[in-house]
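# generate coordinates for the sequence data below:
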Amino acid sequence: MKKILLVIPSIEGGGAERVMLHLIDYLNAKGYPIRLVLFNDVVHYPESLPVNIEIRNLGKKSRFSFLKLIRGVAREIREYEPQVVLSSLYYANIVSTLASIFTKKKFKLLLWEHNNPKSYLTAEKYSFIKIQLMKFTYKKADVVITVSKVIKKIMEDNFNIPFCRAKAIYNPIPIEIIRERSYEKVEHGFLNDPQNTVLIAVGRFNAQKRYDRLLGAFKLAHAVNNSMRLLILGQGSLEKDLKQLSVNLGLIDLVDFIGFKNNPYAWMKQADIFVLTSDYEGFPMVLLEAMACGIPIVSVDCPTGPDELILSGENGLLVKMTAEAIASGICALAGDKDMRERFVSNGLSTIEHFTYDKIFPEFEKLFSGTEGSEEK
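Numbers count the residues shown, from 1 in each chain. Purely as a prediction, here's the structure:
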């Protein structure tokens, strides 16, 4: 079988990192030789990595490690001599492409784009330079994999990716593992009180996830239904600011920031409504994970992602990206048992389209088949 070199900055608690672990699990079971290259040793799910996988840590120290990382990936390529290099996330994709140039590439280079670059690059410093760098490097890949059809179109229209070298592949989820882990018992005062209606959100505390919007929506919803409580799972740079915002809004006894959890599914299973409030997404795996846990969903209809998973009113509720619309959706769902049951039932049917066996063979086709996409 072809040797696969996988490159990702770290194995933190995000969706892109989780799906990389799922792919490693699948490829390892198939017998592919795998080497995993990390830029640092942040691994939030060590128990999920197969013991026979080679792992290399390039020791990134700061943002000034860019050239060191390029040399490191190039060194791994020369030493390992892979037939396929699959890189995930913007920074790693740039580094891997430049490393491939220095090694006079003799392998298939696949870049895995998990988000909407028009959104996340525009929000960053030096956005013009970063956009130009993406345009220069991504077009050198044999295939750019996107996690939604809308992002595929964005890459083609805005980042010089030829139609024949872009491929949309949805992220899968390990349904049985999620279901099994969701039954683990967790204890929390909000969950222990059967009179509470517990909302839950899961994700990094960064600007994209808009937990400030969530807190504003929760305050409005709680004014209508005072049984509501909110749990937020995650960690990140905005944690201190968000906690202070909850105090400023008078929510200190109604909201709890739980921190990062290796098993968020147990918390999701025991909550009543899952809420997503992001400014943008790529492919929000957390929505599929919520469906697998049997929890009804209220999600903003943000660009790229939720509307490819949710048919509003059938397997979830899509609402406008305002605190008022989110609060209205939460209150409507909390007050309608039939709607909640319909969302749970239809959500369980939805996730059957996102199993390993339906999604990951598409990667194997890219490893050995023709490059590019036949999609229309």
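
# my guess is residue 38 meets residue 58, correct?
Yes. The pair residue 38 / residue 58 is scored as a contact, 6.9 Å apart, by C-beta atoms under 8 Å. Where you see a C-beta, it was placed from the backbone N, CA and C, and this is true even at glycine.

# which residues touch residue 290?
Shown in contact with residue 290 (C-beta atoms under 8 Å, 6 or more residues apart in numbering): 268, 274, 297, 347.

# filter those down to the buried ones, ChimeraX style.
With 16 or more other C-beta atoms under 10 Å as the criterion, this ChimeraX line picks the buried residues out of these:
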select :268,274,297,347
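
# okay, strands next: where are they in the stretch 1-150 of the chain?
4-8, 34-38, 54-57, 84-88, 108-113, 143-146 (DSSP state E, counting those that start in this stretch).

# which residues touch stretch 77-89?
The contact list for stretch 77-89 (C-beta under 8 Å, 6+ apart) reads 2-9, 16, 20, 35, 93, 95-97, 99-100, 103, 107-112, 114, 363, 367.

# now do stretch 268-275
182-183, 186, 191, 196-202, 214, 217, 231, 286-287, 289-290, 293-299, 326, 330, 333-334, 340.

# measure it end to end?
When the termini of stretch 268-275 are compared using C-alpha to C-alpha, to the nearest Å, they are 11 Å apart.

# these two touch, right, residue 22 and residue 177?
No. Applying C-beta under 8 Å as the test, residue 22 and residue 177 come out as separate, 9.0 Å apart.

# so this protein: which segments form each domain?
4-172+355-368, 175-354 (automatic domain parsing).

# which of these has the lowest average pLDDT?
Across the domains of the chain, domain 4-172+355-368 has the smallest mean pLDDT, namely a mean of 92.

# which stretches of the stretch 51-200 of the chain form helices?
Ranges of helices within the stretch 51-200 of the chain are 66-80, 90-102, 117-120, 127-138, 149-158, 175-182, 189-192, based on DSSP state H, counting those that start in this stretch.

# show me what the third one is packed against.
When you say that, I think you mean helix 117-120. If contacts are counted by 3 or more C-beta pairs under 8 Å, 6 or more residues apart in numbering; DSSP states H and E, helix 117-120 sits against helix 149-158.

# off-centre distance for the helix it packs on?
A distance of 18 Å separates the centroid of the chain from that of helix 149-158, by C-alpha atoms, centre = their mean, to the nearest Å.

# ok and it relative to strand 108-113, angle-wise?
Going by axes from the mean of the first three to the mean of the last three C-alpha atoms, to 10 degrees, helix 149-158 is angled at 110 degrees with respect to strand 108-113.

# that older thread, tabulate the strands of the stretch 1-150 of the chain in a markdown table, adding columns for mean neighbour count.
Below are the strands of the stretch 1-150 of the chain laid out as a markdown table (neighbours: other C-beta atoms under 10 Å):
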| stretch | mean neighbour count |
| --- | --- |
| strand 4-8 | 26 |
| strand 34-38 | 22 |
| strand 54-57 | 15 |
| strand 84-88 | 25 |
| strand 108-113 | 25 |
| strand 143-146 | 26 |
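
# dump these to TSV, plus distance to residue 120.
Listed next are the strands of the stretch 1-150 of the chain as TSV, based on distance: least, C-beta to C-beta, whole Å:
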stretch	distance to residue 120
strand 4-8	16
strand 34-38	21
strand 54-57	25
strand 84-88	14
strand 108-113	10
strand 143-146	14
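
# out of those, which gets nearest to residue 309?
Nearest to residue 309 among the strands of the stretch 1-150 of the chain is strand 143-146; the distance by C-beta to C-beta comes to 14.8 Å.

# show me how far the closest one is from its chain's centre.
Centre-to-centre, strand 143-146 and its host chain are 16 Å apart (C-alpha atoms, centre = their mean).

# now swap in stretch 171-186 and tell me
16 Å.

# list the buried ones in that stretch?
171, 172, 173, 174, 175, 178, 179, 181, 182, 186.

# could you dump those to JSON lines with distance to residue 85?
Below are the buried residues of stretch 171-186 laid out as JSON lines (distance: C-beta to C-beta, whole Å):
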{"residue": "171", "distance to residue 85": "20"}
{"residue": "172", "distance to residue 85": "21"}
{"residue": "173", "distance to residue 85": "25"}
{"residue": "174", "distance to residue 85": "25"}
{"residue": "175", "distance to residue 85": "29"}
{"residue": "178", "distance to residue 85": "29"}
{"residue": "179", "distance to residue 85": "34"}
{"residue": "181", "distance to residue 85": "32"}
{"residue": "182", "distance to residue 85": "35"}
{"residue": "186", "distance to residue 85": "39"}
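
# from those, which is closest to residue 53?
Residue 53 lies nearest to residue 174 out of these, by C-beta to C-beta, at 16.8 Å.

# any idea how far residue 361 is from that closest one?
In this view, residue 174 and residue 361 are 15 Å apart by C-beta to C-beta, to the nearest Å.

# quick check: phi and psi at residue 242.
Dihedral pair for residue 242: phi -70, psi -40, per degrees, to the nearest 10.

# excluding chain neighbours, what is closest to it?
residue 211 (5.2 Å; C-beta to C-beta, 6 or more residues apart in numbering).

# so who does the one you found touch?
Counting by C-beta under 8 Å, 6+ apart, residue 211 has contacts 201, 205, 232, 238, 242, 277.

# between these, which is closest to residue 123?
Out of the contacts of residue 211, the member with the shortest distance to residue 123 (by C-beta to C-beta) is residue 238, at 13.6 Å.

# check the gap between the closest residue to the closest one other than its chain neighbours and residue 125 for me.
Excluding its sequence neighbours, the residue lying closest to residue 238 (C-beta to C-beta, 6+ apart) is residue 205, at 4.4 Å. Applying C-beta to C-beta, the value for residue 205 to residue 125 is 20 Å.

# which one of the two has more residues nearby?
Counting neighbours by other C-beta atoms under 10 Å for residue 205 and for residue 125 shows that residue 205 has the greater number, 20 against 6.
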